[in-house]
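Trainee: Below is the structure, and that's it, no one-letter string:
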């Protein structure tokens with residue numbers, strides 16, 4: 001019985017969506033990130049079927065080729081995924097302004113706790 005797309009791990013769903021949106025075959029995507037010819041399609045298929053999760057370096061290469069932040073591929077909620085994409089498309093100045101605004105809010109995480117201690 002085939003697995004429903006909605007039942008696949010988030011990485012698998014997003015990778016397949018992005019690859020199809022880019023109009024690439026599994027083999028083309030694999031080759032573009034440096035996978036050897038005959039291994040490219042089966043390996044990407046394993047990632048898209050949720051059989052295997054790529055190493056971080058491979059996930060980074062996939063994200064770069066598909067023009068999304070690697071965090072998008074792993075974000076565990078659609079709202080967070082959309083925010084990651086939107087944020088990544090802003091200029092550094094706009095990103096900093098939004099970050100300052102979020103940190104100023106009532107529910108903001110203190111900068112030190114968010115890893116911004118300076």
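Mentor: Noted; the coordinates are in hand. Please read these numbers as outputs of a predicted model, since none were measured by experiment.

Trainee: What pLDDT does the model give residue 114?
Mentor: Here the pLDDT value assigned to residue 114 is 55.

Trainee: Repeat that for residue 118.
Mentor: 41.

Trainee: cool, residue 5 as well?
Mentor: Residue 5 is given a pLDDT of 62.

Trainee: what's the answer for residue 58, then?
Mentor: Confidence score, pLDDT, at residue 58: 97.

Trainee: Can you list the helices and strands that the host helix or strand of it packs against?
Mentor: According to DSSP states H and E, residue 58 maps onto helix 56-66. Packing partners of helix 56-66 (3 or more CB pairs under 8 Å, 6 or more residues apart in numbering; DSSP states H and E): helix 10-21, helix 26-32, helix 70-74. Using the backbone N, CA and C atoms, a C-beta is placed for each residue, glycine as well.

Trainee: Quick check on residue 104: phi, psi?
Mentor: Per-residue torsions, residue 104: phi -80, psi -20 (degrees, to the nearest 10).

Trainee: ok, now how distant is it from residue 97?
Mentor: 11 Å (CB to CB, to the nearest Å).
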